[in-house]
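> structural data only, the sequence is not supplied:
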């Protein structure tokens, strides 16, 4: 499948999938990469190095700053995939690129493709927005 | 899609106006592309959430702009900071954290932003006029600006709000455009008992529930004979922007772009209809305060997210005059320094302080690591505090109305009047 690469790049990682939107502020611990929103189905999971697949962000406008901190700290997901474009995540990665030359891929999928990642294992993301099984 | 830039945009991007401006314009142009905007539009003002210290990256971002000579081109206010500069030593803020947060505050002041330090700038500062394009950060302020003031702002993430203020422009997209401002989700309130409108916690509870069903759509409320105050609308919107991503709501007969239902819906049928019932709202109320039960002992009662207003101080002063809080519970009010000054001048503060309240200005418990470890059990009337405190602060939370919070502060334990909520 192929999505729109809001911030293009290459990454490989295990899929961490949820159908619930996530606020990174109050939902993602930038110092550890743990998901800490207790109302979220991924609460308690660690997202470092994974391909995080969520429909969108929600809530606080500080989500962007939290992801930027995580990228700087090395505790961000390897890539983030959303259902439709998410500006908050794209901005964090663009800012990480402008500041440190270290963006992470941010990819927007159509709804049907998004659903196909439920239960997926390890995937590879390419610069053109292609998502494929890693093995 | 290639974005159409003006000659000044091109000059900004080429570095003609300094490295700070080039940095801001590069980010803005890339984000306009992500948003699918064809062009940028001029803005009249900005409110900056990026000033909030989150760690070294947000500080490096701010100093990159400030040291690069960037200055805002439009009147710009600042959201809450990471520290109450005068009062942080009374709480548990680490020295190094306070120092970094202060450096970040100074960077934004150097860029020409007004040091308002509040998440509710509309309570004391000049408000954007109806229809004005602005670039606001802070989810609770965004929803207020769009819904209650009728100004036009997208949901600006941290880092982008300041880039827009520096350039004086924003991507022409989303809620800046007429077609995205019409209601999509009809919220029918006609099944709610009218007695609920006498309980101030109706508004945060309703907002908490609507945010969950609305996601990022534009809800249209109708069917309840209520006269919400600006404080009520502040609480309602902040809650919707917390459990959901609501940046604009209409309330027929209440908010300025909703004189009637047809106008609010843009003459179309709503895509989705939902009906609020006492049961759904009781569940939303329980969800907000799930961490503690009635009669549980409390360490802290906290009010003021979004920042406490002058009228809220007046109401609180009226409730607590001549009374005294329980010695084992602290009562904290978070507000901006401008409102605190006004509350003192109006005579509200003396009664509130005599009751035993402490006031922290220009920050809040979510944005400053100020709560000491022994404070583990909180009660609040704010949906935003109630929503975020368990995850961000790892504290147990009870939720109630302002009156419930006052009575609980006196009792030292959770007291809630369930009369209006009982079927």
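The structure has been received and is ready for your questions. Predicted model, so just to flag it, every value in this text is computed and none were measured.

> for stretch B:318-329, which outside residues touch it?
Residues from elsewhere that reach stretch B:318-329 (Cβ atoms under 8 Å, 6 or more residues apart in numbering or on different chains): B:297-301, B:331, B:351-352, B:354-357, B:402-403, B:406, B:408-412. Glycine gets a C-beta too; all of them are placed from N, C-alpha and C.

> narrow those to just the buried residues.
Neighbour counting by 16 or more other Cβ atoms under 10 Å in any protein chain shown classes B:298-301, B:331, B:351-352, B:355-357, B:402-403, B:406, B:408-410, B:412 among these as buried.

> inside strands: which ones of the residues you listed?
Among the buried ones among the contacts of stretch B:318-329, the ones falling in strands (DSSP state E) are B:300, B:301, B:331, B:357.

> distance check, the first one against residue B:380.
Just to be clear, that refers to residue B:300. 9 Å (Cβ to Cβ, to the nearest Å).

> can you pull out the helices in chain A?
A:63-73, A:87-100, A:111-116 (DSSP state H).

> out of the ones you listed, deepest packed?
Among the helices of chain A, helix A:63-73 has the highest mean neighbour count (mean count of other Cβ atoms under 10 Å in any protein chain shown), at a mean of 26.

> name the nearest residue to the residue positioned nearest the centre of chain B, ignoring sequence neighbours.
Residue closest to the mean C-alpha point of chain B, counted by Cα atoms, centre = their mean, is residue B:140 at 2.6 Å. Excluding the flanking residues, the one nearest residue B:140 by Cβ to Cβ, 6 or more residues apart in numbering or on different chains is residue B:238, at 3.6 Å.

> wait, what's in contact with whatever residue of the stretch 201-350 of chain B ends up closest to chain A?
Closest to chain A within the stretch 201-350 of chain B is residue B:245: 4.5 Å, counting by Cβ to the nearest Cβ. The neighbourhood of residue B:245, defined by Cβ under 8 Å, 6+ apart, consists of A:21, A:56, A:57, A:58, A:59, B:139, B:155, B:211, B:215, B:216.

> could you say which helix or strand contains it?
Using DSSP states H and E, residue B:245 sits in no helix or strand.

> ok, now residue B:232?
helix B:230-243.

> pull the distance from stretch B:152-166 to the chain's centre.
Remark: stretch B:152-166 is offset 15 Å from the chain centroid, using Cα atoms, centre = their mean, to the nearest Å.

> same question, stretch B:15-27
30 Å.

> one more: stretch B:59-74?
Counting by Cα atoms, centre = their mean, stretch B:59-74 is centred 24 Å from the centre of its parent chain.

> avg pLDDT for that stretch?
The average pLDDT within stretch B:59-74 is 98.

> does chain A have contacts with that stretch?
Yes - against chain A, stretch B:59-74 shows contacts by Cβ under 8 Å from any Cβ of the partner chain at B:60, B:61, B:64.

> ok, residues contacting the strand or helix carrying the residue nearest to the centre of chain B?
Assigned by DSSP H and E, residue B:140 belongs to helix B:139-144. Helix B:139-144 is contacted from outside by A:59-61, B:47, B:49, B:79, B:119-122, B:136, B:153-156, B:233-234, B:237-238, B:240-242, B:245-249, B:305-306, B:384, using Cβ under 8 Å, 6+ apart.

> show me these that map onto strands.
The strands, defined by DSSP E, take in B:47, B:136 from those.

> so residue B:273, which of the three states?
strand (DSSP: H, G, I helix; E, B strand; the rest coil).

> what's around the closest residue to it other than its chain neighbours, how many residues?
Excluding the flanking residues, the one nearest residue B:273 by Cβ to Cβ, 6+ apart is residue B:186, at 4.5 Å. Neighbour count of residue B:186, defined by other Cβ atoms under 10 Å in any protein chain shown: 21.

> beta partners of residue B:186?
Note on residue B:186: beta-bridge partners residue B:220, residue B:273, judged by DSSP bridges.

> which residue ranges form the strands in chain A?
Counting by DSSP E, the strands of chain A are A:4-7, A:11-17, A:51-53, A:79-83, A:106-109, A:122-125, A:131-133.

> nearest to chain B, out of these?
The nearest among the strands of chain A, by Cβ to the nearest Cβ, is strand A:4-7 at 5.1 Å.

> how about residue 51, nearest residue that isn't a chain neighbour?
All of this is about chain A. Residue A:51 sits nearest to residue A:13 (Cβ to Cβ, 6+ apart), 4.3 Å away.

> that's the other chain; I wanted chain B
In space, and not counting its chain neighbours, residue B:51 is closest to residue B:108: 4.4 Å by Cβ to Cβ, 6+ apart.

> which ones are touching the one you found?
Listed by Cβ under 8 Å, 6+ apart, the contact set of residue B:108 reads B:48, B:50, B:51, B:62, B:66, B:78, B:162.

> nearest to chain A, of those residues?
residue B:50 (7.0 Å).

> list the contacts for the closest one?
Here residue B:50 is in contact with A:65, B:58, B:61, B:62, B:108, B:137, B:158, B:159, B:161, B:162 (Cβ under 8 Å, 6+ apart).

> tell me the angle the strand or helix carrying the fourth one makes with helix A:63-73.
Residue B:62 is part of helix B:56-67, with elements assigned from DSSP H and E. On the basis of axes from the mean of the first three to the mean of the last three Cα atoms, to 10 degrees, helix B:56-67 is oriented at 100 degrees to helix A:63-73.

> hang on, residue B:53 in a strand?
No - counting by three-state DSSP, residue B:53 is not part of a strand but coil.

> so which bits of chain A are right by chain B?
Residues of chain A lying near chain B (Cβ under 8 Å from any Cβ): A:6, A:21, A:25-27, A:30, A:36-39, A:56-66, A:68-69, A:71-73, A:85, A:87-88, A:90-92, A:94-96, A:98-99.

> sorry, back to before: contact partners for the residue nearest to residue B:273?
Going by Cβ under 8 Å, 6+ apart, residue B:186 touches B:219, B:220, B:222, B:265, B:270, B:272, B:273, B:274.

> which among the residues you listed count as buried?
Buried residues within the contacts of residue B:186, counting neighbours by 16+ other Cβ under 10 Å: B:219, B:220, B:222, B:265, B:270, B:274.

> now pLDDT too, for the residues you listed, in a markdown table please.
As requested, the buried ones among the contacts of residue B:186 are exported to a markdown table (pLDDT from 0 to 100):
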| residue | pLDDT |
| --- | --- |
| B:219 | 98 |
| B:220 | 98 |
| B:222 | 98 |
| B:265 | 97 |
| B:270 | 93 |
| B:274 | 98 |
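
> what is the rounded mean pLDDT of stretch A:97-108?
Stretch A:97-108 comes out with an average pLDDT of 98.
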